[in-house]
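**Q** quick one: sequence and predicted model below, then my questions.
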Amino acid sequence: MLRDNGKLLTLIHTLLDLGLTMLSFFMAYYIKKDLLPASLKGLSSTPDYTVVLLLILIIWYFSFSLFNLYSSFRRRSFLQIFLNFLKAVSFAMLILTLCIYFFKIQDVSRLMLVIFFILNLSLLGFSKYSVYKLLINFRSKGYNFRNILIIGSKERARGVIKNIREDVGSGFKIIGCIETDQASIGRNVIYGIKVIGSINHLKEIMTEKVVDELIFAMPLKDIKDVDDYLDLAETLGISVRIIPNFQIHYLLNGPRKAILKFEEFSGTQTLTIHRSPLNDGRLIIKNALDYSLSVVALILFLPFFCIIALAIKSASSGPVFFKQVRCGFNGRKFLLYKFRTMVPDAEELKKDLVSANESDGPAFKVKHDPRIIPIIGTFLRKSSLDELPQLINIIKGEMSLVGPRPPVPDEVDKYMLWQRRRLSMKPGLTCTWQTHLKRNEISFKEWMTMDLFYIDNWSLLLDFKILFATTVAVITGAGR
C-alpha cells in the first residue's frame with residue numbers, strides 16, 4: 001500500500017521532476033539554437049551548457065526539498081500545490097542567476113533561460129496535476145488511506161464526516177465516533193458511521209485499533225479531564241486535530257515536545273498536534289536513501305545471500321528464511337524477513353525458556369539460547385548478517401534503514417502507554433540500541449527511552465551516525 005512520504009512513488013516523483021527539468025533545458029536549448037526566427041536564434045560556443053545543466057539539477061533538487069514539494073498532496077488543493085512549486089521554481093531560478101553572476105559564467109543566453117523557465121513550469125505543472133489526479137484515483141479505490149477516530153457525534157462531527165465523504169480522493173477512513181456518554185454507543189451518526197465507544201474507552205480503542213489521527217469535533221470544555229486524553233494521544237504518538245472553538249486556550253499548557261499548527265483537513269480548518277518528525281523535506285531524503293541504498297545493498301550482498309542460504313541448509317533442516325509478524329508504523333502489522341538462525345521448532349520451544357528470559361520487560365532475550373543453530377546461527381547473530389533480508393522490507397516500504405526495531409505483537413500488548421509512542425515512526429533495520437557497546441545489559445526501559453530520544457531528536461545526521469556505528473558493530477561482532 002502506498003503511504004505518505006514513504007514509498008517508491010515519492011522517489012519516482014522526484015526523479016520525474018528532475019527529468020522534466022532536464023527535458024525543459026534541452027528543449028529550450030534547441031528552440032533557442034534552431035527554431036526561433038533568424039534574428040533571435042543561435043547560441044555561442046561558450047559557456048559549457050552541460051555545466052549549466054548540472055548546476056540547474058543541483059539547485060532545483062534542493063529547492064524542491066526546501067519548499068516541501070513532495071509533502072502529502074492529501075490535505076492540499078491543486079491550487080496550493082501549484083503555488084508551492086511556482087515558488088520553488090522561481091526561487092531556484094533566482095539562485096541560478098546569482099550563481100551565474102558569482103561564478104562569472106559568461107555568455108549564458110538570457111532568452112534561453114526564460115524559455116527554460118516557462119517550459120519547466122509547464123511540464124512540472126502537468127506532472128503535478130497528473131500525480132494529483134492519480135493519487136485521488138488511488139484513494140477513491142481504498143488505497144493509501146489513514147484511519148481517523150472522531151471525538152464527538154453531533155453537528156461538528158457530522159460536518160467533518162460529510163467533508164471527508166464528499167472528498168473521495170482524500171484517502172481518509174473513519175473508524176467511528178466516540179461520545180462522552182455510554183448511552184450513545186451503537187448510535188448511527190451519519191453515512192453508517194457509528195458511535196463505537198465512550199470517552200472512557202479511548203485508551204483501549206487507540207491501543208487495539210490502527211489509529212493514525214484523532215479528531216476532537218466537540219467543545220473541549222465538555223470533555224472531563226480533556227488534558228489527559230490529549231496527553232494519551234501524544235504519548236502514543238498519534239496526531240491530534242481539534243476543530244477550532246473558543247476553548248483553544250486550554251492547549252497553551254500542552255506538552256513541550258508537541259508541534260501545533262493549523263491545517264486544512266478536507267475543507268475544515270483544524271488545529272493539529274504532532275509529536276513525530278514532520279520535516280517533509282528531510283523525510284523525503286530519508287525515504288529516498290532508504291530505497292536507493294537498500295536496492296544497491298541487496299545487489300551487492302546477493303552472493304552472500306547464496307552462501308548463507310547454503311550454509312543454513314547444510315547445518316539445519318527447514319527453510320532458509322525466518323518470517324515473523326511484526327508491528328510497524330502506528331501498529332500496522334507486516335511480515336519481517338530474517339535468515340533463520342534457530343532450529344525449525346524454535347517458537348514452540350520458547351515457552352520452555354520463559355524462566356531464562358534476561359529482559360526485564362516484554363521483550364525476550366536469552367544469552368546462551370539453546371535453540372540457536374550451532375556455528376552458523378551463532379555467527380549470523382554475532383555479525384548481525386541474519387538481518388540482511390530486511391532490506392526487502394525496506395524496499396517494500398515497511399521499514400527504514402534506521403528507526404526503532406519492530407516488535408512482535410505480543411510485546412506491544414504488554415507495553416506501557418508511553419512505550420507505544422515508539423511505533424509512531426517507521427521501524428528500522430538498526431537503531432541506537434543496537435549500536436550501544438553494552439546493549440545486552442541495557443534494561444527494557446532504557447531501550448524504550450533511547451528509541452523515544454531518537455524520535456524526538458531525529459535528523460539525517462543522526463541516521464548517518466547510527467549507520468556508521470552499526471557498521472563498526474558488525475565488523476567487531478558486537479551482536480548477539
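**A** Right, received. Where do you want to start?
**Q** can you list the residues that contact the one helix or strand residue 429 maps to?
**A** Secondary-structure assignment from DSSP states H and E places residue 429 in strand 428-430. Where contact means CB atoms under 8 Å, 6 or more residues apart in numbering, the residues beyond strand 428-430 that reach it are 387, 390-391, 394, 399-405, 466-467, 470. Where you see a C-beta, it was placed from the backbone N, CA and C, and this is true even at glycine.
**Q** of these, which is the nearest to residue 315?
**A** The shortest approach to residue 315 among the contacts of strand 428-430 belongs to residue 387, at 18.4 Å (CB to CB).
**Q** with residue 62 as the reference, measure out to that closest one.
**A** Per CB to CB, to the nearest Å, residue 387 is found 33 Å from residue 62.
**Q** these two: who's more crowded?
**A** With neighbours defined as other CB atoms under 10 Å, residue 387 and residue 62 compare such that residue 387 has more, 22 against 15.
**Q** so who does that one touch?
**A** Residue 387 makes contact with 338, 429-430, according to CB under 8 Å, 6+ apart.
**Q** go again with 10 Å.
**A** 336-339, 380-381, 393, 405, 429-430, 434, 470, 474, 479 (CB atoms under 10 Å, 6 or more residues apart in numbering).
**Q** ok, residue 180 next?
**A** Contacts here follow CB under 10 Å, 6+ apart; on that basis residue 180 touches 151-153, 198-200, 218, 222-224.
**Q** ranges for the strands of this structure?
**A** 146-151, 172-179, 188-190, 193-198, 213-216, 239-242, 259-265, 268-274, 321-327, 333-339, 400-402, 428-430 (DSSP state E).
**Q** hey, which of those strands is tucked in deepest?
**A** Most buried of those, by mean neighbour count (mean count of other CB atoms under 10 Å): strand 400-402, with a mean of 26.
**Q** what does that one contact?
**A** Identification of contacts with strand 400-402 by CB under 10 Å, 6+ apart yields 6, 283, 286-287, 289-291, 293-294, 297, 328-329, 390-391, 393-394, 425-432, 434-435, 454, 458, 460, 462-467, 470.
**Q** PyMOL command for the buried members of those residues?
**A** Buried residues among the contacts of strand 400-402 (16 or more other CB atoms under 10 Å), as a PyMOL selection:
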select buried, resi 6+283+286+287+289+290+291+294+297+328+329+390+391+393+394+425+426+427+428+429+430+431+432+434+435+454+458+463+466+467+470
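**Q** tell me which of the contacts of strand 400-402 fall in helices.
**A** 283, 286-287, 289-291, 293-294, 297, 390-391, 393-394, 454, 460, 462-467, 470 (DSSP state H).
**Q** report the helix or strand with the lowest average pLDDT across the chain.
**A** Across the helices and strands of the chain, mean confidence by mean pLDDT, DSSP states H and E is lowest for strand 259-265: a mean of 68.
**Q** next, count neighbours for residue 304.
**A** 12.
**Q** mind listing what it touches?
**A** So residue 304 contacts 339, 385, 388 (CB under 10 Å, 6+ apart).
**Q** what residue ranges in the stretch 151-300 of the chain are flagged as low confidence?
**A** 168-170, 245-261, 267, 273-281 (pLDDT under 70).
**Q** just to revisit the earlier point, of all the contacts of residue 180, which two lie farthest apart?
**A** Largest pairwise distance in the contacts of residue 180, by CB to CB, is 16.8 Å, between 153 and 224.
**Q** residue 12 versus residue 288, what's the distance?
**A** For residue 288 relative to residue 12 (CB to CB), the value is 10 Å.
**Q** so where do the helices sit in the stretch 51-200 of the chain?
**A** Listed in chain order, the helices of the stretch 51-200 of the chain (DSSP state H, counting those that start in this stretch) span 78-102, 110-140, 155-166.
**Q** if we can go back for a sec, tell me the one among the contacts of residue 387 nearest to residue 166.
**A** Distances from residue 166 to these, taken by CB to CB, are shortest for residue 393, at 36.5 Å.
**Q** isn't that closest one right up against residue 321?
**A** No - Residue 393 lies out of contact with residue 321 (CB atoms under 10 Å); the separation is 11.7 Å.
**Q** could you tell me which residues touch both of those two?
**A** Joint contacts of residue 393 and residue 321 (CB under 10 Å, 6+ apart) are 337-338.
**Q** in contact with residue 395, which residues?
**A** Counting by CB under 10 Å, 6+ apart, residue 395 touches 8, 290-292, 294-295, 297-298.
**Q** so how far is residue 332 from it?
**A** The gap separating residue 395 from residue 332 is 17 Å, by CB to CB.
**Q** can you check residue 78 too?
**A** In this structure, residue 78 and residue 332 are 29 Å apart, going by CB to CB.
**Q** so which of those two has more stuff around it?
**A** A count of neighbours by other CB under 10 Å puts residue 332 above the other of residue 78 and residue 332, at 17 against 14.
**Q** report the contact partners of the more buried one.
**A** 1, 3, 147, 210, 212, 326, 398, 423, 426-427.
**Q** swap in residue 22?
**A** Applying CB under 10 Å, 6+ apart, the residues contacting residue 22 are 53, 56-57, 60, 120.
**Q** residue 153 and residue 224: who's more crowded?
**A** residue 153 (24 against 10).
**Q** pop the domain breakdown of this structure in here.
**A** Per automatic domain parsing, the domain ranges recorded for the chain read 8-140, 146-274, 280-476.
**Q** tell me the mean pLDDT for the first one?
**A** Confidence over domain 8-140, taken as the mean pLDDT, stands at 84.
**Q** low-confidence regions, the stretch 301-450 of the chain specifically.
**A** For the stretch 301-450 of the chain (pLDDT under 70), the answer is 351-367, 437-441.
**Q** let's see 80
**A** For the stretch 301-450 of the chain, applying pLDDT under 80 flags the ranges 345-370, 433-443.
**Q** from residue 68, how far off is residue 58?
**A** 18 Å.
**Q** of those two, who's got more company?
**A** residue 68 (18 against 15).
**Q** hang on, the more buried one packs against residue 285?
**A** No - judged on CB under 10 Å, residue 68 makes no contact with residue 285 at a distance of 11.7 Å.
**Q** residue 288 and residue 12: who's more crowded?
**A** Taking other CB under 10 Å, residue 288 and residue 12 do not tie; residue 288 has more neighbours (18 against 13).
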